[in-house]
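Trainee: Whatever this is, show me its structure:
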Amino acid sequence: MMMEKNVEIDAGRYVAWYARPVVHAYAYFFIGFLVPFSLGHPQLLVGSVVNTVLVLSAMQFGFRKTVPLLFAPSIAVLARGLVFGPFTPFLAVMLPFIWAGNVLLVWIVSEFYRNKRNNYGITLGAAAGAKTSFLFSSAYALVSLSILPPLFLATMGLDQLVTAVIGGVVAFGAYNAGIAKLADF
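Mentor: Numbering: from 1, shown residues only. Here you go, the predicted structure:
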């Protein structure tokens, strides 16, 4: 009889151990979708929260398991435009570039900090710089071709750099404070 109780407790811990990362991944996904969908603005807040979730997920799960989250924020912004305001075709044009920028951020953090244990500050600087450079270059090309209005240069330039750095700093603090491990048993 006593042995059965221990087996039940161990089984519960086993299930909880496997459920924890799934719960965290869904939480990151929902935050990554709901914050841009429900708030929309200010960009500094929304972008920082989104980048925090992207970087936290990269540090906790690595690149492959973060892939679904890469698309959630921009789809939320697009959905918000459809539900709460006029749909902007300009955002639709930028979506693939935004996704690629998120890929750069998450892959660099995952590969160089999580996997290779390089200095986090240098890794974050490289990741934020790569994301910003890619997005700004893409926006610049599309503005030069008269596909996008010049407004996109500001939102895909310095704003991206600032929100990526803020998000990365918050994620690093949260990760080291144990936020990603709150459900440990």
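Trainee: Go ahead and confirm I166 touches V50.
Mentor: No: counting by CB atoms under 8 Å, I166 does not reach V50; the two are 10.6 Å apart. In short, each C-beta sits where N, CA and C put it, glycine included.
Trainee: More neighbours: the two, which one.
Mentor: V50 (25 against 18; other CB atoms under 10 Å).
Trainee: and the gap between the spatially closest residue to that one that is not a sequence neighbour and R80?
Mentor: Leaving aside its sequence neighbours, V50 sits nearest to P73 (CB to CB, 6 or more residues apart in numbering; 4.5 Å). Using CB to CB, to the nearest Å, P73 is found at 11 Å from R80.
Trainee: next SSE after the one helix or strand V50 maps to?
Mentor: V50 belongs to helix 43-61 when assigned by DSSP states H and E. As assigned by DSSP H and E, the chain's next helix or strand after helix 43-61 is helix 63-84.
Trainee: which outside residues touch that next one?
Mentor: 25, 28-29, 32-37, 40, 50, 53-54, 57-58, 87-88, 91-92, 94-95, 98-99, 102-103, 106-107, 110-111 (CB atoms under 8 Å, 6 or more residues apart in numbering).
Trainee: Filter these down to just the buried residues.
Mentor: 25, 28-29, 32-33, 35-37, 50, 53-54, 57-58, 91, 94, 98-99, 102-103, 106-107, 110-111 (16 or more other CB atoms under 10 Å).
Trainee: In terms of pLDDT, where does M3 sit?
Mentor: Looking at M3, its pLDDT reads 50.
Trainee: One more: Y26?
Mentor: At Y26, pLDDT is 76.
Trainee: and it, backbone torsions?
Mentor: Main-chain torsions, Y26, degrees, to the nearest 10: phi -70, psi -40.
Trainee: Spatially central residue in the protein, please.
Mentor: L54 (2.1 Å; CA atoms, centre = their mean).
Trainee: Can you tell me, leaving aside adjacent residues, what's nearest to that residue?
Mentor: Nearest one to L54, counting by CB to CB, 6+ apart, is V106 at 5.5 Å.
Trainee: By mean pLDDT, point me to the weakest helix or strand of this structure.
Mentor: Among the helices and strands of the chain, helix 2-38 carries the lowest confidence by mean pLDDT, DSSP states H and E, at a mean of 66.
Trainee: I108 contacts G129, doesn't it?
Mentor: No: the pair I108 / G129 is not scored as a contact, 9.3 Å apart, by CB under 8 Å.
Trainee: Comparing those two, which shows the higher neighbour count?
Mentor: I108 (23 against 16).
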